[in-house]
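Colleague: Just to be clear, the model below is a prediction. Sequence and coordinates:
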Amino acid sequence: MQYSLALADDHAMARIDRRIADKGPQFDGYPQLHMKAWLTARRQPELQGSVNLYAPFYLWASPQGQTDFLASPAFATLCRDLGRPAVQTWLPWHTELAPGLAQARHASRSITAIAADADLAALRAQAAVEARAAMARGALAVVTGFDPAGWTQLRVQLWKQAPAVQDPAAQVYAVGHVSLPTA
């Protein structure tokens, strides 16, 4: 699950950084949450179309965890402070999470169209192969999924070091915090 809030060019992104620093640790051990990557992107004037973004990405243990969160006071506070976002969801295909995931500082997200004649089983198998290859190159997490309503495939990768992103359409983020289950 992800929502992405585009913020004004002159938005004080330091306020978003403080929000992440204050609220991020409160989500460590959040019920039904496998992972929440607190993601931001800064507007880069030299890149046409780049905007300030606050775009957390969630991996839930169950749909119930997701719906409980969306009905929670925490989500109501976000809506009050920043506006109610459109929430995107995908069905998970493959997930790899490394033990050092809390050290992630960079992320990328790619969303690609799935052709009408695509072999979904083959795409899912290929996603697993690509995820394992990214992990071998040092990724700390790879989540792939698909949206059967819009027929798109998602790939989110988290890294300690800035990755070499090969997809020019990929959105690149900074990771302010990674919330994980508590032991």
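Modeller: Arrived safely. Residues are numbered from 1 along each chain as shown.
Colleague: Please tell me how far the residue lying closest to residue 3 once chain neighbours are set aside sits from residue 110.
Modeller: Of all residues not flanking residue 3 in the chain, residue 85 sits nearest, at 3.6 Å (CB to CB, 6 or more residues apart in numbering). To be clear about C-beta, it is placed using only N, CA and C from the backbone, and glycine gets the same treatment. Taking CB to CB, to the nearest Å as the criterion, residue 85 is separated from residue 110 by 20 Å.
Colleague: which residues does residue 132 contact?
Modeller: Contacts here follow CB atoms under 8 Å, 6 or more residues apart in numbering; on that basis residue 132 touches residue 96.
Colleague: Now do the SS call for it.
Modeller: helix (DSSP: H, G, I helix; E, B strand; the rest coil).
Colleague: Residue 65 versus that one, what's the distance?
Modeller: 26 Å.
Colleague: returning to what we had before: report pLDDT for the residue nearest to residue 3.
Modeller: Listed pLDDT for residue 85 reads 96.
Colleague: same question, residue 46
Modeller: So residue 46 comes in at 63 (pLDDT).
Colleague: all strands for this structure, in order.
Modeller: 2-3, 5-7, 33-41, 52-54, 57-60, 87-88, 91-97, 106-113, 141-147, 152-159, 171-179 (DSSP state E).
Colleague: And those: which comes nearest residue 21?
Modeller: strand 171-179 (7.1 Å; CB to CB).
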